[in-house]
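Chemist: heads up, no residue letters with this:
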């Protein structure tokens with residue numbers, strides 16, 4: 001797995017086709033990418049944010065666990081990525097402010 005980590009850490013993939021040039025055995029499953037790691041003894045399931053260059057490792061498992069196919073639902077491979085959390089400013093935007101009102105003195 002250290003080889004995978006070294007290659008992935010320095011990668012700058014624009015899309016899955018470019019990722020596939022680095023990891024020829026990688027497969028796209030919905031929004032997830034399945035990597036063969038550890039001399040093909042394990043499967044690493046991840047999501048890639050290509051725009052930000054971030055890899056989210058969702059699960060690492062051996063073949064018997066992988067073959068059960070429970071990971072597809074657990075990892076949310078066919079669900080959209082989570083929405084961005086609201087920032088403090090955005091959360092306060094709709095809140096009324098205390099103090100003087102505009103236009104009144």
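Modeler: Ah, there it is. Everything numeric in this text was worked out from a predicted model, so none of it was measured. Numbering: from 1, shown residues only.
Chemist: Look up the closest residue to residue 29, ignoring the ones flanking it.
Modeler: Among residues not flanking residue 29 along the chain, residue 77 sits closest, at 5.0 Å (C-beta to C-beta, 6 or more residues apart in numbering). No exception for glycine: its C-beta is placed from N, CA and C like everyone else's.
Chemist: Just to check, that neighbour is in contact with residue 27?
Modeler: No: judged on C-beta atoms under 8 Å, residue 77 makes no contact with residue 27 at a distance of 10.9 Å.
Chemist: quick one, which of those two is more surrounded?
Modeler: More crowded of residue 77 and residue 27, by other C-beta atoms under 10 Å: residue 77, with 18 against 13.
Chemist: Can you give me every residue that contacts the more buried one?
Modeler: By C-beta atoms under 8 Å, 6 or more residues apart in numbering, the contact set of residue 77 is 29, 30, 31, 32, 45, 71.
Chemist: same thing but at 10 Å, please
Modeler: Contacts for residue 77 (C-beta atoms under 10 Å, 6 or more residues apart in numbering) come out as 28, 29, 30, 31, 32, 33, 34, 45, 47, 58, 71.
Chemist: Among the residues you listed, which one has the most neighbours?
Modeler: That'd be residue 33 among those, by other C-beta under 10 Å, with 23 neighbours.
Chemist: so that residue, which of the three states?
Modeler: strand (DSSP: H, G, I helix; E, B strand; the rest coil).
Chemist: quick one: contacts for it?
Modeler: By C-beta under 10 Å, 6+ apart, residue 33 lies in contact with 13, 16, 19-20, 23, 26-27, 44-48, 55-56, 58, 77.
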